[in-house]
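In: Dropping a prediction and its sequence here:
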Amino acid sequence: MSETTALILFAHGARDPRWAAPFERLQQVTQAQLPGVAVRLAFLELMTPRLPEVADALVQAGCSKVTVVPVFLGQGGHVLRDLPLIVDQLKADHPQLDIRVAEAVGESAAVLDAMARYCVGAAAV
């Protein structure tokens with residue numbers, strides 16, 4: 001991957017700014033593992049930056065390919081309805097931008113396995 005490639009971690013957002021701390025750590029850990037990729041965090045609501053703002057800034061910086069990873073446990077209304085509308089608008093606003101949307105992290109077998117290992121470990125305490 002090159003610096004013209006970006007990964008956007010897309011989270012819901014909350015009124016309490018402390019809610020974002022684990023997502024900020026996820027962004028930092030992911031960025032450390034992908035040094036040639038711009039890894040950014042964006043929110044649906046209640047927090048900034050929002051997804052369109054992040055995408056606009058990436059395009060201005062010369063980014064040509066973006067993968068959006070919904071950092072949601074399931075494919076609920078926000079992922080199934082809100083996100084596609086936002087992505088459609090981004091595609092209209094930036095037709096030169098190649099945008100891909102990954103499945104919600106909670107739909108991944110690897111993520112579920114990691115969460116189960118954590119839960120099993122917590123039960124053993």
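Out: Perfect, thanks for sending it.

In: Give the other helices and strands that the helix or strand where residue 69 lies contacts.
Out: Using DSSP states H and E, residue 69 falls within strand 65-70. Here strand 65-70 touches strand 5-11, helix 51-60, helix 83-93, strand 98-101, going by 3 or more CB pairs under 8 Å, 6 or more residues apart in numbering; DSSP states H and E. Yep, even glycine has a C-beta here, placed from its N, CA and C like the rest.

In: Bridge partners for residue 69, pull those for me.
Out: Beta-bridge partners for residue 69, by DSSP bridges, are residue 9.

In: Now for it: which residues touch it?
Out: 7, 8, 9, 10, 102, 105 (CB atoms under 8 Å, 6 or more residues apart in numbering).

In: Quick one: mean pLDDT over the strand holding residue 69.
Out: Mean per-residue pLDDT for strand 65-70: 97.
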